[in-house]
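Chemist: coordinates for the following, if possible.
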Amino acid sequence: METERLILRRWEESDAENLYEYAKDPAVGPIAGWPPHQSVEESLNVIRNVFNGAEAYAICLKTDRKAIGAIELKLNGHTDLAENDDECELGYWLGRPFWGQGIMPEAAEEMLRHAFEDLGMQKVWCGYYDGNLKSKRVQEKCGFRYQWTTEGVDVPLMHEKRTGHVNLMTKDDWLRRGGAEETE
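Modeler: Model (predicted):
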């Protein structure tokens with residue numbers, strides 16, 4: 001998939017070094033619920049065993065096609081938010097050198113288009129942990145609507161509990177925002 005500045009493509013084992021470069025940053029993973037990567041080998045393992053979902057993509061700039069972040073639609077069965085097969089959860093993160101450039105909203109908008117137009121989704125859920133203001137802002141920019149807050153959410157990879165916030169975009173919301181018109 002492509003946007004004005006980005007290519008969203010499947011992860012490849014050759015992305016391990018780029019993944020490690022950004023995933024080792026303590027400002028990136030922990031706020032999203034996972035510890036910083038400790039080695040290229042760990043990043044390769046993540047590519048093989050975590051970024052292997054049907055709708056998991058590397059976020060790449062068109063200029064060099066190098067992975068700078070990750071975005072995924074977690075389909076029913078791989079998320080606790082989706083109740084039906086026409087629902088999924090959007091997850092994402094971006095390397096710190098690329099923050100504040102509108103890259104993540106651009107990638108998220110393309111994933112929403114893909115979810116509603118190509119995959120036939122009716123609902124896309126998205127959440128963030130308390131304090132992750134950048135993720136909250138991406139969801140606001142994309143038009144997600146607040147649904148609920150839960151205290152004491154288990155964050156297994158970090159061995160802690162947090163407050164989680166859940167937002168939703170329905171296909172009707174997306175169409176009202178002009179989603180179909182923007183991609184024609």
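
Chemist: helices along this structure, start to end?
Modeler: With DSSP state H as the criterion, the chain has helices at 16-23, 29-32, 40-49, 103-113, 133-142, 171-176, 179-182.

Chemist: ok and the first one relative to helix 40-49, angle-wise?
Modeler: Angular relation of helix 16-23 and helix 40-49 on a 0 to 180 degree scale: 100 degrees, by axes from the mean of the first three to the mean of the last three C-alpha atoms, to 10 degrees.

Chemist: what sits up against helix 16-23?
Modeler: 11, 28-29, 36-37, 39-44, 46-47, 66-69, 94-97 (C-beta atoms under 8 Å, 6 or more residues apart in numbering). Glycine gets a C-beta too; all of them are placed from N, C-alpha and C.

Chemist: please report how far the residue positioned nearest the centre of the chain lies from N84.
Modeler: Centroid-nearest residue in the chain: Y92, 1.9 Å away (criterion: C-alpha atoms, centre = their mean). Separation of Y92 from N84 (C-beta to C-beta, to the nearest Å): 22 Å.

Chemist: cool, and L19?
Modeler: In this view, L19 and N84 are 32 Å apart by C-beta to C-beta.

Chemist: so those two - more neighbours on which side?
Modeler: L19 (25 against 10; other C-beta atoms under 10 Å).

Chemist: number of nearby residues for the closest residue to L175 other than its chain neighbours?
Modeler: Leaving aside its chain neighbours, L175 sits nearest to F116 (7.9 Å; criterion: C-beta to C-beta, 6 or more residues apart in numbering). For F116, the count of nearby residues is 24 (other C-beta under 10 Å).

Chemist: so F116 makes contact with D172?
Modeler: No - F116 is beyond contact range of D172, at 9.8 Å (criterion: C-beta atoms under 8 Å).

Chemist: separation between the residue nearest to the residue nearest to the centre of the chain when sequence neighbours are not counted and D118?
Modeler: Leaving out its chain neighbours, the residue that sits closest to Y92 by C-beta to C-beta, 6+ apart is I71, at 4.3 Å. Separation of I71 from D118 (C-beta to C-beta): 15 Å.

Chemist: OK, contacts around L61?
Modeler: R5, L6, I7, I68.

Chemist: could you redo the last one with a cut-off of 10 Å?
Modeler: R5, L6, I7, A67, I68, F98, Q101, I103 (C-beta atoms under 10 Å, 6 or more residues apart in numbering).
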